[in-house]
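[1] below are the sequence and a predicted model; questions follow.
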Amino acid sequence: AQSVSQHNHHVILSEAASLELGCNYSYGGTVNLFWYVQYPGQHLQLLLKYFSGDPLVKGIKGFEAEFIKSKFSFNLRKPSVQWSDTAEYFCAVISMEYGNKLVFGAGTILRVKS
Amino acid sequence: KAGVTQTPRYLIKTRGQQVTLSCSPISGHRSVSWYQQTPGQGLQFLFEYFSETQRNKGNFPGRFSGRQFSNSRSEMNVSTLELGDSALYLCASSLGLAGHYEQYFGPGTRLTVT
């Protein structure tokens, strides 16, 4: 079955540290890719998405992600995290060839120490 | 504009009962998707409705059903509740089919089955 893997379930960083959260998927073919974030007490919201074009996409709050098709990866990055980035981050993938259903990874809980 | 609303926010039911959850999408959005979120399984896709038609369905038993009305509001029904159905049920709306448009999530309905 198609799956989305997020490598780290918990990440703890100090403010100003760089962040990279891994996301790998098992689909072949054409995919649309998303990163969602859930801040404490808030709804899930979209950070960024990739449909086509430049594989380096920029999202809100200084986040970016790079789509590497050969590695089936869509890693999320931020050069310098802030305490307010403390949240749970979800990678999600959809493929028309595999039923057009959005599949989420298990999520990564990021805690940023001030 | 108003976000996605879900009612009720909290619900306690007994095993064997049935439950109906409601979702009102953002005005103008025609697609509504439902997800189940649990600590063990994460976010799992239930189904998606677009223009009153179910477009996609996840791997859940037939006890889980839904519908969408002409005003795009959607309901989800779970019959013969089991303890394992205890979860946060999230609704998300989008302009078009999920995976091709940004989804906006509601706050969820927390269902506890005793």
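    Alright, I've got the coordinates.

[2] who does the residue in chain A that chain B sits nearest to bridge with?
    Going by Cβ to the nearest Cβ, chain B is nearest to A:Ile94 of chain A, at 3.3 Å. The C-beta positions use only the backbone N, C-alpha and C, and glycine is treated the same way. Listed beta-bridge partners, A:Ile94: A:Asn32 (assigned using DSSP bridges).

[3] right, and it touches B:Leu97 too?
    No - counting by Cβ atoms under 8 Å, A:Ile94 sits too far from B:Leu97 to count as a contact (9.2 Å).

[4] and these two? Which one has more around it.
    Between A:Ile94 and B:Leu97, counted using other Cβ atoms under 10 Å in any protein chain shown, A:Ile94 has the larger neighbour count: 25 against 18.

[5] residues touching the residue most central in space within chain B, list them.
    The centroid of chain B falls nearest to B:Trp34 when counting by Cα atoms, centre = their mean (3.2 Å). Residues counted as contacts of B:Trp34 (Cβ atoms under 8 Å, 6 or more residues apart in numbering or on different chains) are B:23, B:45-48, B:66, B:74, B:76, B:89-92.

[6] mind giving me a markdown table with those and columns for distance to B:Glu82?
    What follows is the contacts of B:Trp34, written out as a markdown table (distance: Cβ to Cβ, whole Å):
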| residue | distance to B:Glu82 |
| --- | --- |
| B:Cys23 | 22 |
| B:Phe45 | 19 |
| B:Leu46 | 15 |
| B:Phe47 | 18 |
| B:Glu48 | 23 |
| B:Gly66 | 18 |
| B:Ser74 | 22 |
| B:Met76 | 15 |
| B:Tyr89 | 14 |
| B:Leu90 | 19 |
| B:Cys91 | 21 |
| B:Ala92 | 24 |
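
[7] in helices only, show me those.
    Residues of the contacts of B:Trp34 located in helices (DSSP state H): none.

[8] ok so, going back, so what sits against both of A:Ile94 and B:Leu97?
    Taking Cβ under 8 Å, 6+ apart as the contact rule, A:Ile94 and B:Leu97 both touch A:Asn100.

[9] count the residues that sit near the residue of chain B found nearest chain A.
    Using Cβ to the nearest Cβ, the closest approach of chain B to chain A is made by B:Gly99 at 3.3 Å. For B:Gly99, the neighbour count with other Cβ under 10 Å is 26.

[10] chain B against chain A: which residues are in contact?
    Residues of chain B lying close to chain A (Cβ under 8 Å from any Cβ of the partner chain) are B:3-4, B:33, B:35, B:42-45, B:48, B:55-56, B:58, B:90, B:92, B:97-100, B:102-108.
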